[in-house]
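A.B. asks: 3D model of this:
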Amino acid sequence: KKAGGGLSDRLIQGTLKFGEGSLMMWGCMTWEGVGFATKIDDRMDGDLYLQILKDELQQTLEHYDLNPPDIIF
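C.D. replies: Residues are numbered from 1 along each chain as shown. Next up is the predicted model:
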């Protein structure tokens, strides 16, 4: 490369830092610590959200021995 000159395409190698696409996760936390999390593969709709609450949130409450009526959601 000449001083003051721009870079030539043959001198540059393209890189991809983080890959392409996206990642959607659902997770929660409690006063006791972090809760269960799940990767969401499809679109989030009401049915999927209820299923996540039923599974991951319930498992988190059980893990920390928390009573559902005592939590603020």
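A.B. asks: centre-most residue in the chain?
C.D. replies: With distances taken as C-alpha atoms, centre = their mean, the chain has residue 25 as the residue nearest its mean C-alpha position (3.2 Å).
A.B. asks: quick one: buried residues of the helix or strand encompassing it?
C.D. replies: Element membership of residue 25 [criterion: DSSP states H and E] is strand 24-29. Residues of strand 24-29 classed as buried by neighbour count (16 or more other C-beta atoms under 10 Å): 26, 28. Glycine gets a C-beta too; all of them are placed from N, C-alpha and C.
A.B. asks: next SSE downstream of that strand?
C.D. replies: Past strand 24-29, further along toward the C-terminus, the next helix or strand under DSSP H and E is strand 34-40.
A.B. asks: on contacts alone, who are the packing partners of that following strand?
C.D. replies: On a contact count with 3 or more C-beta pairs under 8 Å, 6 or more residues apart in numbering; DSSP states H and E, strand 34-40 meets strand 24-29, helix 46-52, helix 58-63.
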